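>>> structure, please.
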Amino acid sequence: MYSYYLAIVLAPLAAAIVAGLFGKQIGRTAAHSVTILGVGIATALSALVLYRFVWGGAESENISVYTWAVTDGLRMEVGFLVDRLTALMMTVVTFVSLMVHVYTIGYMHDDPGYQRFFSYISLFTFAMLMLVMSNNFLQLFFGWEAVGLVSYLLIGFWFKRETAIFANLKAFLVNRVGDFGFILGIAGIVLYTNSLDYAEVFSQADAIAAQSVSVLPGTAWNAMTLICILLFIGAMGKSAQAPLHVWLPDSMEGPTPISALIHAATMVTAGIFMVARMSPLYELSVHALGTVMIIGAITAFFMGLLGIVQNDIKRVVAYSTLSQLGYMTVALGASAYGAAIFHLMTHAFFKALLFLAAGSVIIAMHHEQDIRKMGGIRKYMPITYWTSLIGSLALIGFPGTAGFFSKDLLIEAVADSHWAETDALVYWIAYLSVLLGVFVTALYSFRMFFLVFHGEERMDAETKSHLHETPWVVTVPLILLAIPSAVIGWVTVGPVLFDGYFGEAIVVDHAHDVLAHLGEHWHGALSLVTHAPMTPVFWLAAAGVLVAWFLYLKRPELPGKIRERFQWAYNLLDRKYYFDDLWIRGFAGGGRKLGAFLWKKGDEVVIDGVLVNGTANTVGRLAGVMRQIQTGYLYTYAFAMIIGLTAFLGWLIWLK
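From the prediction side, this is the model:
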């Protein structure tokens, strides 16, 4: 399988190089053909790898491909760790990427940067594959930074727009904050193990957990807790957890296909995957798990609330992504790593579907994105309508959809978490957040759905006259993503969560194994669906849909009155809890002011004024004085010598 693994990562890279360097020479058709072929090869081979694990009895493989350097016993390598977790991630990443590639043919049809865009998204796929297939922290960090770099290029793809440049800089800088913590965590691992290899590090995990480190004078932290929290800070940046979430909504400035790729299966899931991969480390630190859980809970609920006041169709889906990533993070904190990865998988399908469906609407509306200027589109775009409905139902966890199985069992895992015994406050905050988040998710999802596809037609006459279903290159990916969004949960929920699919790829302490406890009461997918009406999750989701229908279809005048009555709450949500102000005026603004101060006072006054120019001026003044002494007359020098000699003799006499 060694050659297969190389082909999986190198096929998208080769395609990206061809489309990027020779795009003008080969033309548009060849550019999208070669990149689709490259990602198609990766998808087919990834599916083959997954098949071998599920039905072929394949064993995990840890392969060293290339040794880059060895220093003081520390090996820096390129290698692959392909196990059941990796196989699942590879298949999800490549399949969603393939759908996005096909969709892009229609969406970017008239864009002058057509070949460049295909090169970027193929390169994005390569970077994510390198990340998920890595067997060491060096390669993990390479993939981590590579997806960040390409996301910077893609978010700012329309570089003539000032908002796009602002958005990609924001994403890049906020992720630098998270990545600083991430690389410190890796440095801590190297400090205690002198290794970057996963297997070697995991084998020394108990030794790390027995160490303590002084972060501040007089304080002692467990070394494992510190390392895990530092690694999670990196995950907070990549997977957009509060307060490092502010970049993700603004990433909507990029073209819709990349919004689907970033938000569904690549960059934002990197942090979730990383924590699951590092489960042997996190299981040794209860405090790190508590930090993960509480951050995820805050993100899941409070970021979901922001989706209620958004009017840009893509931003509604973006805030949905923030909330769902919070759900996955809460599951990680509850040691339900399998549930987090399962929700990651189902979310990749229905979230990519929702983004691409939003793009289909945007194309038909001549790039209008305000949902207040839509309405009644259902009859013009039937395929987009039904696929959007499937995606929305999966998002809210309607019984039988993929999102139902993953979200319902995720919430059950949190409810059954070990935190109920060790830290009741963390437990209740997490459980109430994910539970109330169900209502919020249903409310904003169907607010958008009803405003776009139902009710009165609010678009202008010219747009209405040209409104029709999008081409097949757009609708076919929608259909292919709608299928797994609707049915994949039925066939995967049991094997993935309760039949030991992940095997040794994920390590869970027996005392924390909530999924094993849930598995004792598992009676099959059908039983879970029939039991759904007896759970609070079902009724909260139903209430959210009902409230959205009442407010935006039955009584559309009420939202305006509610907004006027609770203007303070609307302003708080509209200003995104003032996080943007904190980052822009506080972090970025403070940094610029500090830089200006250091430039004016430090560089110009101290360095230039004192050290550089001051030294030169002092030498010049001293030279001016010396120049006055050098008269050129012999009697002047003789007089100076007599005075000097007299002073010297006087000093000698005084010493005696």
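>>> quick one: what helix or strand has A30 in it?
Taking DSSP states H and E as the criterion, A30 maps to helix 2-54.
>>> mind giving me the packing neighbours of the helix or strand just after that helix?
Per DSSP H and E, helix 2-54 leads on to strand 61-71 as the next helix or strand towards the C-terminus. Here strand 61-71 touches helix 2-54, strand 74-82, going by 3 or more C-beta pairs under 8 Å, 6 or more residues apart in numbering; DSSP states H and E. (Glycine included, C-beta is placed from N, CA and C.)
>>> ok, 6 Å please
Under the contact definition 3 or more C-beta pairs under 6 Å, 6 or more residues apart in numbering; DSSP states H and E, strand 61-71 sits against strand 74-82.
>>> for L467, see how far away A461 is.
Relative to L467, A461 is positioned 11 Å away (C-beta to C-beta, to the nearest Å).
>>> neighbour count: the two, which is higher?
Using other C-beta atoms under 10 Å as the criterion, A461 and L467 rank with L467 on top: 19 against 7.
>>> that one: what's it in contact with?
364, 380 (C-beta atoms under 6 Å, 6 or more residues apart in numbering).
>>> what about 8 Å?
Neighbour list for L467: 364-365, 377, 380-381, 459 [criterion: C-beta atoms under 8 Å, 6 or more residues apart in numbering].
>>> any idea how far W568 is from it?
Taking C-beta to C-beta, one finds L467 at 38 Å from W568.
>>> tell me who's in contact with Q567.
By C-beta under 8 Å, 6+ apart, Q567 lies in contact with nothing.
>>> so what pLDDT did it get?
pLDDT for Q567: 90.
>>> now L425
The predicted local confidence for L425 is 82.
>>> and V215, that one's in a helix?
No - per DSSP: H, G, I helix; E, B strand; the rest coil, V215 lies outside any helix segment and is coil.
>>> neighbours around it, how many?
V215 is flanked by 9 other residues according to other C-beta under 10 Å.
>>> how about L131?
27.
>>> that one: helix or strand, and which one exactly?
Going by DSSP H and E, L131 is part of helix 114-133.
>>> measure how far whichever helix or strand comes after that helix is from the centre of its chain, please.
Sequence order places helix 137-155 as the next helix or strand after helix 114-133, per DSSP H and E. Distance of helix 137-155 from its chain centroid, counting by C-alpha atoms, centre = their mean, to the nearest Å, is 11 Å.
>>> so which elements touch the next helix or strand after helix 137-155?
Beyond helix 137-155 on the C-terminal side, the first helix or strand identified by DSSP H and E is helix 162-193. Contacts defined by 3+ C-beta pairs under 8 Å, 6+ apart place helix 162-193 against helix 137-155, helix 198-203, helix 205-209, helix 223-238, helix 247-250.
>>> for the ones you listed, which one sits closest to A525?
helix 223-238 (30.3 Å; C-beta to C-beta).
>>> what ranges in this protein fall below the confidence cut-off?
Scanning the chain with the threshold set as pLDDT under 70 gives 263-266, 419-422, 585-588, 601-602, 604, 655-656.
>>> how much space separates D460 from K373?
Per C-beta to C-beta, D460 is found 8 Å from K373.
>>> look at the two and report which has more neighbours.
Counted by other C-beta under 10 Å, D460 and K373 do not tie: K373 has more neighbours, with 15 against 12.
>>> is it correct that the more buried one is in contact with M459?
Yes - between K373 and M459 a contact is recorded at 5.8 Å, counting by C-beta atoms under 8 Å.
>>> what sits in contact with each of these two?
M365.
>>> the closest residue to Q139 other than its chain neighbours: neighbouring residues, count only.
Excluding its sequence neighbours, the residue lying closest to Q139 (C-beta to C-beta, 6 or more residues apart in numbering) is V78, at 5.7 Å. Number of residues near V78 (other C-beta under 10 Å) recorded here: 18.
>>> re the thing from before, export the helices and strands packed on helix 162-193 to JSON lines and tack on distance to L389 and mean neighbour count?
Below are the helices and strands packed on helix 162-193 laid out as JSON lines (distance: least, C-beta to C-beta, whole Å; neighbours: other C-beta atoms under 10 Å):
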{"stretch": "helix 137-155", "distance to L389": "29", "mean neighbour count": "22"}
{"stretch": "helix 198-203", "distance to L389": "42", "mean neighbour count": "17"}
{"stretch": "helix 205-209", "distance to L389": "46", "mean neighbour count": "17"}
{"stretch": "helix 223-238", "distance to L389": "31", "mean neighbour count": "25"}
{"stretch": "helix 247-250", "distance to L389": "24", "mean neighbour count": "24"}
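>>> for G23, which of those helices is the nearest?
Among the helices and strands packed on helix 162-193, helix 137-155 comes nearest to G23, with 14.5 Å by C-beta to C-beta.
>>> for that closest one, packing partners?
strand 74-82, helix 114-133, helix 162-193, helix 223-238, helix 256-264, helix 270-277.
>>> ranking these by burial, who's on top?
Greatest average neighbour count among the helices and strands packed on helix 137-155 goes to helix 256-264 (a mean of 29), per mean count of other C-beta atoms under 10 Å.
>>> so the residue most central in space within the chain, which state does it fall into?
The centroid of the chain falls nearest to V268 when counting by C-alpha atoms, centre = their mean (2.5 Å). Put simply, V268 is helix when judged by three-state DSSP.
>>> which residues touch it?
When contacts are counted by C-beta under 8 Å, 6+ apart, V268 touches 238-240, 248, 262, 321, 325.
>>> now it: how far from V93?
V268 is 12 Å from V93, where distance means C-beta to C-beta.
>>> Y319 too?
23 Å.
>>> neighbour count winner among the two?
V93 (28 against 23).
>>> in the strand or helix carrying the more buried one, what counts as buried?
Using DSSP H and E, V93 sits in helix 84-107. Using 16 or more other C-beta atoms under 10 Å as the test for burial, helix 84-107 gives 84-107.
>>> ok, stretch 286-300 next?
Buried, per 16+ other C-beta under 10 Å, within stretch 286-300: 286, 288-300.
>>> next one: stretch 391-401
Applying 16+ other C-beta under 10 Å to stretch 391-401 flags 391-401 as buried.
>>> same thing with stretch 301-321?
301-310, 312-321.
>>> what about the helices in the stretch 451-600 of the chain?
For the stretch 451-600 of the chain, applying DSSP state H, counting those that start in this stretch gives helices covering 461-465, 472-497, 514-519, 525-531, 536-549, 558-565, 567-574, 579-581, 589-597.
>>> can you say which of those helices is packed in most?
Taking mean count of other C-beta under 10 Å, helix 472-497 is the most buried of those, at a mean of 20.
>>> now do that one and helix 84-107, the angle between them.
Taking axes from the mean of the first three to the mean of the last three C-alpha atoms, to 10 degrees, one finds helix 472-497 and helix 84-107 inclined to each other by 170 degrees.
>>> who are the packing partners of helix 472-497?
Looks like helix 472-497 contacts helix 84-107, helix 337-364, helix 382-396, helix 402-415, helix 514-519, helix 525-531 (3+ C-beta pairs under 8 Å, 6+ apart).
>>> next one: it to chain centre, how far?
Chain-centre distance of helix 472-497: 22 Å, with C-alpha atoms, centre = their mean.
>>> as TSV, the contacts of V268 with distance to I121 would be great.
Output for the contacts of V268, formatted as TSV (distance: C-beta to C-beta, whole Å):
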residue	distance to I121
K238	18
S239	20
A240	20
L248	18
I262	10
T321	18
L325	21
